[in-house]
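Engineer: All I have is the shape, not the residue letters:
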């Protein structure tokens, strides 16, 4: 708990950011609560223009009621204030903290019983793989962009040659008062394993739930997920051994190649790649070495 206690009602917020990241290769989450801080909930700094902070994975947390942005990524040289939203660029070629990863754009949120169907797109690096996380909020920030009070679920997408990828995901909607929906994007492209992978974006703009429409099938959105199929990252869980039939890094989705979706399975299912009986950063490094050697 950062800025509050386990009730998530007591204001113990920091006078500046709740969490300030100065160096890369950090993991924040899952299930942290970051609230009531006077500036941003999480700020990823970028003190040296030529050596930006990167590889900061911010995943499945509760971030809300902070004075500025829920997640703030700094421009080169740390010039941007923590209340300024990073503007998306066409192919996500800009540089800065976490590569200034573009945030998703939500285009539709429809309510059906106790579920929501959330649709949208991400414009980012061409022909790359991304994770999309969905959140709900009691209100939207004055910027028009949100934070992420309640993590609802996630899905995957692949961008095409123009850098565009679409998503449609069904998530549970237990609290209708949290009607403002936001999303983050996480870069999972293995071609950037050593210096870009697992960058989390800032939160998207808010999209209010449409309580009066029933979702219909949308053939243009092909990648779907349900929250019951979403594994969670438990730091105390037992590592999963390599699947039978694999001597090295596993092709977990059985598509005949080792790719970005295999990395997602490694992280979320805690597969023990180096077979030392536990899941830790050495398993991720083993994956990187496998890709680097062309295995």
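Structural biologist: Arrived safely. Bear in mind that the values here come from a model prediction, so they are computed numbers and not experimental data.
Engineer: what is the rounded mean pLDDT of stretch 58-75?
Structural biologist: In this model, stretch 58-75 has an average pLDDT of 94.
Engineer: ditto for stretch 153-167
Structural biologist: Averaged over stretch 153-167, pLDDT sits at 96.
Engineer: For it, which residues meet the burial criterion?
Structural biologist: Neighbour-count burial for stretch 153-167 flags 153-159, 163, 165-167 (criterion: 16 or more other Cβ atoms under 10 Å). Placement of C-beta: from N, CA and C, glycine included.
Engineer: mind listing the helices for the protein?
Structural biologist: For the chain, applying DSSP state H gives helices covering 260-269, 281-292.
Engineer: Among the ones you listed, show the one with the smallest mean pLDDT.
Structural biologist: Looking at the helices of the chain, the weakest mean confidence is helix 281-292, a mean of 59.
Engineer: So, low pLDDT: which residues of the protein?
Structural biologist: 47-51, 78-80, 82, 189-197, 212-253, 255-270, 280-281, 283-295 (pLDDT under 70).
Engineer: So which of the buried residues of stretch 153-167 belong to strands?
Structural biologist: The strands, defined by DSSP state E, take in 153-158, 165-167 from those.
Engineer: any idea which of those is the one closest to residue 271?
Structural biologist: Residue 271 lies nearest to residue 156 out of these, by Cβ to Cβ, at 16.9 Å.
Engineer: ok, what's across the strand from the closest one?
Structural biologist: residue 131 (DSSP bridges).
Engineer: and it, how far is that from residue 87?
Structural biologist: Distance, residue 156 to residue 87, by Cβ to Cβ, to the nearest Å: 25 Å.
Engineer: And for residue 77?
Structural biologist: 17 Å.
Engineer: Those two: who's more crowded?
Structural biologist: residue 77 (13 against 9; other Cβ atoms under 10 Å).
Engineer: in terms of contact, does residue 198 touch residue 29 like I think?
Structural biologist: No. Using Cβ atoms under 8 Å, residue 198 is not in contact with residue 29, being 11.3 Å away.
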